[in-house]
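> What shape does this take:
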Amino acid sequence: MTALAVERTPDGLDDGHLAQRHLAGDPQAFGALVDRYQTRLLNFIDRTIGNRERAEDLVQEVFIRVFRRLRRFDRTQRFSSWIYTIASNLAKNEITAPKS
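Below is the predicted model:
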């Protein structure tokens, strides 16, 4: 059986534990998740839509959605898959949205 790769902070916390700590009231836990994913999500969305400025806005939207919906996150799943799904959906919506 292969073990899942789990990213950990310097204090040894994986994404799921950080999410749990945030929900328990730890003010620094969500910031640690942002620090961990912000640059990667920005690059991912930028490559997808081809607009760095708009990608920055969408990354902020990703974190707003994560913050609002974190209680619904299924800890049996990988946090990285969940956050990238949110980012991917926002990027796809951006590509298909009519331009004004």
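> and the residue sitting nearest the centre point of the chain, which of the three is it?
Central residue of the chain (CA atoms, centre = their mean): residue 83, 3.5 Å from the mean position. Counting by DSSP: H, G, I helix; E, B strand; the rest coil, the backbone at residue 83 sits in helix.
> Go ahead and confirm it touches residue 67.
No - if you go by CB atoms under 8 Å, residue 83 and residue 67 don't touch, sitting 11.2 Å apart. Where C-beta positions appear, they are placed from N, C-alpha and C, glycine not excepted.
> Over to residue 14: give its phi and psi.
phi -90, psi 180 (degrees, to the nearest 10).
> Return, as residue ranges, the portions of the chain with sub-threshold pLDDT.
Within the chain, the stretches with pLDDT under 70 are 1-11, 100.
> quick one, helices of the protein?
Here the chain has its helices, by DSSP state H, at 15-23, 29-49, 52-69, 79-96.
> Tell me the spacing between the residue nearest to the centre of the chain and residue 98.
27 Å (CB to CB, to the nearest Å).
> dump the residue contacts of the nearest residue to residue 16 once chain neighbours are set aside.
With sequence-adjacent residues excluded and distances taken as CB to CB, 6 or more residues apart in numbering, residue 16 is closest to residue 75, at 4.9 Å. Taking CB atoms under 8 Å, 6 or more residues apart in numbering as the contact definition, residue 75 lies against 16, 19-20.
> Cool, thanks, talk later.
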